[in-house]
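[1] Got a predicted model here, sequence first, then my questions.
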Amino acid sequence: MTHSYSVDLNCDLGESFGAYFLGQDEAILPLITSANIACGYHAGDPAVMKHTVRRALHHGVALGAHPGLPDLVGFGRREMAISPEEAYDMTVYQIGALLAFMRAEGGTLHHVKPHGALYNMAAGNPALAEALAEAVYRVAPEACLYGLAGSALPQAAEKLGLRTAHEVFADRSYQPDGTLTPRRQPGALLTDPAEAEAQVLRMVREGRVRAQSGEDVVIQADTVCLHGDGPHALAFARRLWAALAAADVAVQTPFGRYV
């Protein structure tokens, strides 16, 4: 069956650590097409990484590395003053760690998506974005780099000839420049499932999103981030699948399941 549109659904997974259990990984895996697996810096540990890779493979979900800043206490969401060289080094290190588990389990790295503050810093800082893109290019040139739609991150990937996926968010509001509303500001999170669903459908089908200011912003939606740790995450994921199917949108990974 040929669809008029297509989009990937991705989710951050493997964020438990030691005795601490986070997320709803097993329940969300059947509802996504690509998994961003924590690599031990902001979350995750070797046992969690191995288990998450195994479960993602079991469900036929594309495997992705999710490197972050070395900040377990802050869950990688606090900015750090790092140089492009430091960003490169920590990204190579984390991709390499997860890549070893993928190879041990017979999997293939499909993509890399930076986490939290590292993601947001690179989105607005071309030098950091270029360092992250270079890290992916050197370690896994066949992989796809996920980054905030229209930001410095996919631009850096495209400059190197890397595959890239412009990422949008179902449950976050946008600013007129196409950036996400900072979490600390009012209205940053969309709590109404109907509003979030409508935002995704419009981004995928029309290539536009309504900013908080009321302006329409042009946006490219290759992959949608679903947050799997909220109390209504599973219900929303199921709702979104149904809405996408009704709108003639195929849910699939960018560039095929494995590249």
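    Perfect, I can see it now.

[2] For the rest of this, base every contact and every neighbour count on C-alpha atoms.
    Noted.

[3] Quick one: end-to-end length of stretch 70-78, please.
    Taking Cα to Cα, to the nearest Å, the first and last residues of stretch 70-78 lie 10 Å apart.

[4] buried sites along that stretch?
    For stretch 70-78, the neighbour count (16 or more other Cα atoms under 10 Å) marks 70-71, 75-77 as buried.

[5] swap in stretch 29-43?
    29, 31-43.

[6] that older thread, so which of the buried residues of stretch 70-78 are in strands?
    Residues of the buried residues of stretch 70-78 located in strands (DSSP state E): none.

[7] Could you dump the residues you listed into JSON lines with distance to Asp248 and pLDDT added?
    Converted to JSON lines, those look like this (distance: Cα to Cα, whole Å; pLDDT from 0 to 100):
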{"residue": "Pro70", "distance to Asp248": "41", "pLDDT": "96"}
{"residue": "Asp71", "distance to Asp248": "41", "pLDDT": "94"}
{"residue": "Phe75", "distance to Asp248": "37", "pLDDT": "90"}
{"residue": "Gly76", "distance to Asp248": "36", "pLDDT": "88"}
{"residue": "Arg77", "distance to Asp248": "35", "pLDDT": "92"}
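
[8] ok, so of those, who is nearest Ala100?
    Of all those, Ala100 sits closest to Pro70, with 19.6 Å by Cα to Cα.

[9] Just the pLDDT at the nearest residue to the closest one once chain neighbours are set aside, thanks.
    Nearest non-adjacent residue to Pro70, counting by Cα to Cα, 6 or more residues apart in numbering: Tyr41, 4.5 Å away. As predicted, Tyr41 sits at a pLDDT of 95.

[10] Ala196 should be in a helix, yeah?
    Yes: Ala196 forms part of a helix when assessed by DSSP: H, G, I helix; E, B strand; the rest coil.

[11] In contact with it, which residues?
    170-171, 190 (Cα atoms under 8 Å, 6 or more residues apart in numbering).

[12] Which one (most neighbours) among those residues?
    Ala170 (24 neighbours; other Cα atoms under 10 Å).

[13] if we can go back for a sec, farthest-separated two in the buried residues of stretch 29-43?
    Most distant of the buried residues of stretch 29-43, by Cα to Cα, are Leu31 and Tyr41, 25.9 Å apart.

[14] Next secondary structure after the helix or strand hosting Val48?
    Using DSSP states H and E, Val48 sits within helix 46-58. Using DSSP H and E, the helix or strand that follows helix 46-58 in sequence is strand 62-66.

[15] Okay, now the sheet partners of that next one, with direction.
    strand 34-38 (parallel), strand 109-112 (parallel) (DSSP bridges).

[16] Report the separation between the two terminal residues of stretch 216-234.
    Stretch 216-234 end-to-end distance (Cα to Cα) = 29 Å.

[17] Next, count neighbours for Asp177.
    If you count neighbours by other Cα under 10 Å, Asp177 ends up with 12.

[18] ok, now Glu86?
    Using other Cα under 10 Å, Glu86 is surrounded by 14 other residues.

[19] Please report how far it lies from Gly68.
    Counting by Cα to Cα, the gap from Glu86 to Gly68 is 12 Å.

[20] Please apply the same query to His111.
    Distance from His111 to Gly68, by Cα to Cα: 15 Å.

[21] do Pro46 as well
    Pro46 sits 15 Å away from Gly68, going by Cα to Cα.

[22] When the two are compared, which one has more neighbours?
    Gly68 (27 against 17).

[23] in the stretch 151-259 of the chain, which spans are helices?
    152-160, 193-206, 233-246 (DSSP state H, counting those that start in this stretch).
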